[in-house]
Every structure is written in structure tokens, then in C-alpha cells.
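Chemist: Quick one, what's the 3D model for this:
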Amino acid sequence: MKHYRFVIVGGGIIGAAVFQRLSREFGGQVLMIEKSRPGVGATAFSGGILRGFHLDPLLAEQCVLGLRRYADLADMARATGDDFSIHRTGFLQLIDGPHLAQARQAYERLAPQLELEWLSPEDAAQRFGLASHVGLSAAVHEPGAGHADPLQLARLYTRFGQRDGGEALTGVELLELDSAESKVCGLSTNIGHISCDQVVLCTGAWTPALTQRLGAAAPTSLRAKAIQVNLISRPPGAPPLPAFVDLSTEAYGRPQDADTALIGCPVDAWDIDPDTMTAPTEPARNEALARARQRFAWIDDSVVLGGYRRHDAYDSTGRGVVARAPARPGVLIAAGFSGNGVKLAPATAEAVAALLQAHSESGSFALPN
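Modeler: Numbering: from 1, shown residues only. Reported below is the predicted structural model:
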């Protein structure tokens with residue numbers, strides 16, 4: 001089998017974005033392997049919210065970059081006849097008292113780059129049909145935000161990478177890392193040995209267990225965590241629903257289409273096995289709907305239509321990890337994006353490319369604040 005400069009392990013939204021970015025520069029020297037099909041793991045069940053406004057300065061910069069890159073991707077898709085679009089439903093950040101000063105700073109920092117509206121609690125309630133503004137200190141509306149289909153995105157990135165000469169193999173599982181003179185020189189897989197100079201692990205919730213087994217742990221701790229979103233109907237006459245995050249109730253969601261919505265809240269289920277598929281649980285669904293009902297009265301008249309329960313890798317900062325594995329030279333890890341993988345995929349791809357091209361065997365790369 002031929003020798004590759006880079007092998008990317010994992011074909012979710014992060015791996016596919018990295019694959020497209022590296023293939024654009026290195027063509028046939030890049031291989032992506034995926035044990036299933038691109039995007040069908042946790043990516044396919046992600047909410048796919050795309051927005052630039054974020055309280056964390058680094059994440060905000062990365063999210064703004066993501067919006068620009070996705071707009072470019074949509075233009076490329078139209079030019080090539082591929083199917084991809086961004087649903088511009090807008091994004092609403094509902095802000096409580098403890099986050100007010102931070103949100104104001106973020107608004108002033110991002111207003112020159114994004115179309116943003118700073119709203120009082122009363123204005124937000126009137127504009128978006130909120131049942132209550134109790135606990136709210138302000139809101140920020142981002143009209144140009146929205147959501148996209150993450151599965152569609154992962155497959156589009158893969159196709160573009162292949163058109164640039166990169167190779168993608170499905171049904172290929174990483175078994176072991178092969179080393180020569182203490183540096184990784186390839187992979188042992190279920191189809192045999194693959195020779196390469198660098199391995200990039202974009203393996204999401206599988207990363208904590210996988211890196212431990214391979215002796216390639218990230219420089220910061222990663223944990224696998226469950227994520228659940230619940231699909232409900234939207235009754236006739238319900239006010240328009242933007243994608244939203246409520247810092248007071250911790251509920252979040254977005255419209256699925258004109259008649260349905262996805263609603264979620266944090267799930268306290270850590271160190272899960274991502275290979276064990278579980279159905280949405282009733283307690284998690286009831287908790288999410290109870291929190292969202294504090295803002296949206298129409299939920300009382302909605303019908304539960306199902307939902308999804310999947311997973312992601314989380315780190316303590318919420319920013320994710322793009323770094324060398326200290327104990328395994330030749331291995332880079334891009335994981336731990338804490339449910340933000342779709343928003344951060346373009347910036348992560350740029351960070352991976354920069355770190356690989358730096359020819360450094362330690363350290364990490366982040367976009368400047």
C-alpha cells in the first residue's frame with residue numbers, strides 16, 4: 001500500500017473538514033479512514049447550529065471564521081452542483097445576570113464583524129413570543145445565523161477533499177499505531193498496514209478510550225459525554241423560533257422545519273461507551289422541555305415526536321484540543337469540542353494544518369485572541 005504524508009482517523013465533521021483542508025494543499029498524500037461512513041456517527045445527529053456570537057473570545061473568533069468558511073463552501077457547492085445550504089433562521093442568546101458583563105463585552109467586540117442586535121428582556125419577549133423574561137438581563141439576536149445539516153456537511157467536505165486528490169476509505173478501523181525509532185510510521189487496521197508520516201485522530205467521543213489504548217493521550221483530559229436532543233411538534237400559530245441558547249435555564253434548541261423543533265439541555269451522563277447506542281431517555285426529555293417551557297409557552301401544546309441521544313468528547317475548557325500526543329511522536333489529536341464541533345470544524349482544520357506544517361513535535365496551536 002502507498003505511503004501517505006497524513007492519515008486522518010475519523011470521518012465526522014472534524015475529520016472531514018481536516019481532510020478537505022489538507023487535501024487542498026497535499027492532494028494524494030492525504031488519506032482519511034472511517035470505520036463506518038463519513039458523518040454517520042455523532043455528527044449526523046448534531047443540531048448543526050451555526051452562529052458567530054459567543055461569550056468566549058477564542059470560540060467567538062473561531063465561530064466567526066466558521067461562518068465565513070461555510071458561506072464559501074455554499075458558494076463552492078452551488079458552482080459544482082452539490083447540495084448544501086445554510087438555513088438562516090437567526091440565533092438568539094438569552095442572557096442572565098451572572099453573564100451580563102461578559103455578554104456586553106462580547107457584543108461590543110463582535111458587533112463590527114457580525115450583524116447583531118442588543119435587546120432588553122422586554123424587547124426580546126415581544127419580538128420572539130417569550131412566555132416570560134424572568135431571570136433575563138438582556139438578549140443578543142444574530143439574524144444571519146442559522147443551522148445546516150451536519151451529515152450533508154461531512155459528506156460535502158469529503159467529496160471536495162477527494163476532488164483535490166485526497167483518498168477516503170470507509171469500513172477501515174484503526175487497531176494499533178506502528179512505530180519505528182520511537183516515532184509513529186503507520187497504522188495497523190482491519191485491512192492491513194497503512195504507512196504514513198503523521199496520524200491525526202479526529203475520533204470524537206471515542207478519543208478518550210482510544211488514546212488510552214494507543215498510549216497517545218492528549219495533553220489535557222478528555223471525557224466522553226452523552227448528548228440528547230428531543231424532537232417536538234410546533235403547534236399552528238406558534239411564534240417564529242430562531243436557534244437559541246438560554247443561559248438562565250441552560251435550554252437550547254432550533255427549528256427543524258416549519259412544524260417541528262429540536263430542544264435540549266445538558267445531560268449528566270459522563271464516560272459513556274460511544275459504541276453502545278441508547279435511545280433518548282424520558283427523564284432527560286422531561287428536563288429539557290421543562291426548562292424550555294419557561295421561555296416558550298407553545299411547548300405546552302406540542303407533541304413529542306422522538307429525538308436523538310448520541311455523544312461527544314468534552315474537555316474542561318469547552319474549547320477542544322488540537323495538540324500533539326506527548327507520548328507518541330507523529331500523532332496529533334483534534335477532539336473534545338464539547339458539542340461545538342460543527343461550528344468549530346473550519347477553524348479546527350486551519351489549526352491542524354498550521355500545527356502539522358510547523359514540524360513541531362510538541363505544543364498546540366490556537367487562533368489568536
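
Chemist: any weak-confidence spans in this protein?
Modeler: For the chain, the stretches with pLDDT under 70 are 359-369.

Chemist: Grab the longest helix from it for me.
Modeler: helix 57-80 (DSSP state H).

Chemist: measure His3 to Val352 for me?
Modeler: Distance from His3 to Val352, counting by C-beta to C-beta, to the nearest Å: 20 Å. For every residue, glycine as well, the C-beta is placed using N, CA and C.

Chemist: wait, I meant Asp246
Modeler: For Asp246 relative to Val352 (C-beta to C-beta), the value is 33 Å.

Chemist: Check Leu247 too.
Modeler: As for Leu247, its distance to Val352 is 30 Å (criterion: C-beta to C-beta).

Chemist: So these two - more neighbours on which side?
Modeler: Comparing Leu247 with Val352 by other C-beta atoms under 10 Å, the one with more neighbours is Val352, at 26 against 22.

Chemist: Just the element for the residue lying closest to that one once chain neighbours are set aside, please.
Modeler: In space, and not counting its chain neighbours, Val352 is closest to Val18: 5.0 Å by C-beta to C-beta, 6 or more residues apart in numbering. Using DSSP states H and E, Val18 maps to helix 13-26.

Chemist: Keeping just the C-alphas, turn that helix into PDB.
Modeler: In PDB, the C-alpha atoms belonging to helix 13-26 read as follows (Å, rounded to 0.1, in the frame of the first residue of the first chain):
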ATOM      1  CA  ILE A  13     -17.400  16.800  10.700                       C
ATOM      2  CA  ILE A  14     -14.000  17.500  12.200                       C
ATOM      3  CA  GLY A  15     -12.200  14.700  10.400                       C
ATOM      4  CA  ALA A  16     -13.900  15.600   7.100                       C
ATOM      5  CA  ALA A  17     -13.000  19.300   7.400                       C
ATOM      6  CA  VAL A  18      -9.400  18.400   8.200                       C
ATOM      7  CA  PHE A  19      -9.300  16.000   5.200                       C
ATOM      8  CA  GLN A  20     -10.600  18.700   2.800                       C
ATOM      9  CA  ARG A  21      -8.200  21.300   4.100                       C
ATOM     10  CA  LEU A  22      -5.100  19.100   3.900                       C
ATOM     11  CA  SER A  23      -6.100  17.600   0.500                       C
ATOM     12  CA  ARG A  24      -6.400  21.100  -0.900                       C
ATOM     13  CA  GLU A  25      -2.700  21.500  -0.200                       C
ATOM     14  CA  PHE A  26      -1.200  18.000  -0.300                       C
END
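
Chemist: Output the contacting helices and strands for the helix or strand just after that helix.
Modeler: Where DSSP H and E defines the elements, the next helix or strand beyond helix 13-26 is strand 30-34. For strand 30-34, the elements it packs on are strand 3-9, helix 13-26, helix 150-163, strand 167-170, strand 192-201, judged by 3 or more C-beta pairs under 8 Å, 6 or more residues apart in numbering; DSSP states H and E.

Chemist: ok so, going back, and the residue nearest to Val352, what is it in contact with?
Modeler: By C-beta atoms under 8 Å, 6 or more residues apart in numbering, Val18 lies in contact with Ile8, Val200, Cys202, Ala334, Thr348, Ala349, Val352, Ala353.

Chemist: just Ser36 next, same as before
Modeler: Per C-beta under 8 Å, 6+ apart, neighbours of Ser36: Gly11, Thr170, Gly171.

Chemist: Pop out the phi and psi values for the residue nearest to the last one when sequence neighbours are not counted.
Modeler: Closest residue to Gly171 apart from its sequence neighbours, by C-beta to C-beta, 6+ apart: Lys35 at 6.8 Å. As for Lys35, its main-chain torsions (degrees, to the nearest 10) stand at phi -70, psi -20.

Chemist: so Leu55 sits right up against Tyr107, yeah?
Modeler: No: using C-beta atoms under 8 Å as the test, Leu55 is too far from Tyr107 to be in contact (9.6 Å).

Chemist: dump the residue contacts of Gly129.
Modeler: Ala238, Pro239, Pro240, Phe296, Ala297, Trp298.

Chemist: nope, Thr43 is what I was after
Modeler: Thr43 neighbours (C-beta under 8 Å, 6+ apart): Gly12, Ile13, Pro150, Leu151, Leu153, Ala154, Gly204, Gly341, Val342.

Chemist: just the CA coordinates of the longest helix of the chain, formatted as PDB?
Modeler: The C-alpha trace of helix 57-80 is given here as PDB (Å, rounded to 0.1, in the frame of the first residue of the first chain):
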ATOM      1  CA  PRO A  57     -13.400  35.300  22.900                       C
ATOM      2  CA  LEU A  58     -11.500  32.400  21.300                       C
ATOM      3  CA  LEU A  59     -14.600  30.400  20.500                       C
ATOM      4  CA  ALA A  60     -16.200  33.500  19.100                       C
ATOM      5  CA  GLU A  61     -13.300  34.100  16.700                       C
ATOM      6  CA  GLN A  62     -13.300  30.500  15.600                       C
ATOM      7  CA  CYS A  63     -17.100  30.600  15.100                       C
ATOM      8  CA  VAL A  64     -16.900  33.800  13.000                       C
ATOM      9  CA  LEU A  65     -14.300  32.100  10.900                       C
ATOM     10  CA  GLY A  66     -16.600  29.100  10.600                       C
ATOM     11  CA  LEU A  67     -19.500  31.200   9.300                       C
ATOM     12  CA  ARG A  68     -17.200  32.700   6.600                       C
ATOM     13  CA  ARG A  69     -15.900  29.300   5.600                       C
ATOM     14  CA  TYR A  70     -19.400  27.800   5.400                       C
ATOM     15  CA  ALA A  71     -20.500  30.700   3.200                       C
ATOM     16  CA  ASP A  72     -17.600  29.900   0.900                       C
ATOM     17  CA  LEU A  73     -18.500  26.200   1.000                       C
ATOM     18  CA  ALA A  74     -22.100  27.000   0.000                       C
ATOM     19  CA  ASP A  75     -20.700  29.000  -3.000                       C
ATOM     20  CA  MET A  76     -18.500  26.100  -4.000                       C
ATOM     21  CA  ALA A  77     -21.400  23.700  -3.700                       C
ATOM     22  CA  ARG A  78     -23.500  25.900  -6.000                       C
ATOM     23  CA  ALA A  79     -20.700  26.100  -8.500                       C
ATOM     24  CA  THR A  80     -20.300  22.300  -8.500                       C
END
